[in-house]
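Student: with the input below, show me the fold.
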Amino acid sequence: MEPKDLKQAIQFALDKEHEAVDFYTKCSSVTERPEMKDAFLEMAEEEKKHVRMLKNFKPERVEEIKLKKIPDLKISDYLVDMDFSADMSYQDLLILAMKREEASVKLYKNFTQYESDPALLKLFQILAQEELKHKNRLQREYDDYILRDN
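Tutor: Next up is the predicted model:
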């Protein structure tokens, strides 16, 4: 689905953000690592901030929003997608979360390629940046606790 107007784009993004809140809340309830339980809850809170940002999005103020360059370690680019299960290993949980964020980044970046409305273009750029922040955080965790342990 490609949103055709600002209202539709915001509703689409809101649905994705609500889904992400539910996902990270679920992840926090199944992980056994206390620091990741907190990290997943923090990510759920970040997604809630995105919901508030979308609900309060003002196209006329879009130029005030500054984008930042977010690094991408690209770790998840080489991993295989998987489905959630309550008995997932910590490694699998991280992979699942990284792949979800990777898909969100790609989705929003794809939307920017076809958008001519400056407000929608900026909205999709902001959303891609926010999802890339999450992907980066998860990739650092994966690098620190999975790759370095092997």
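Student: any idea which residue sits dead centre in the chain?
Tutor: Residue closest to the average C-alpha location in the chain (Cα atoms, centre = their mean): Glu131, at 3.1 Å.
Student: which ones are touching that one?
Tutor: Contacts for Glu131 were tallied using Cβ atoms under 8 Å, 6 or more residues apart in numbering; they are 101, 104-105, 108. Backbone N, C-alpha and C define where each C-beta goes, glycine included.
Student: ok, now Asp77?
Tutor: Asp77 neighbours (Cβ under 8 Å, 6+ apart): Glu102.
Student: now Met53
Tutor: Residues counted as contacts of Met53 (Cβ under 8 Å, 6+ apart) are Ile126.
Student: need the nearest residue in space to Tyr145, chain neighbours excluded.
Tutor: Spatial nearest neighbour of Tyr145, excluding adjacent residues (Cβ to Cβ, 6 or more residues apart in numbering): Tyr90 at 7.5 Å.
Student: correction: Thr31
Tutor: Lys37 (5.3 Å).
Student: run the chain-centre distance for the helix or strand hosting that neighbour.
Tutor: Using DSSP states H and E, Lys37 falls within helix 34-55. Centre-to-centre, helix 34-55 and its host chain are 10 Å apart (Cα atoms, centre = their mean, to the nearest Å).
Student: quick one: average confidence on the very next helix or strand once past that helix?
Tutor: Following helix 34-55 in sequence order, the next helix or strand is helix 90-113 (DSSP H and E). Regarding helix 90-113, the rounded mean pLDDT is 89.
Student: next, the buried residues of helix 90-113.
Tutor: By neighbour count on 16 or more other Cβ atoms under 10 Å, the buried set for helix 90-113 is 90, 93-102, 104-105, 107-109, 111.
Student: which residues are in contact with the nearest residue to Asp81 once chain neighbours are set aside?
Tutor: Leaving aside its chain neighbours, Asp81 sits nearest to Lys99 (5.1 Å; criterion: Cβ to Cβ, 6+ apart). Residues in contact with Lys99, defined by Cβ under 8 Å, 6+ apart, are 76, 79, 81-82.
Student: done for today, thanks.
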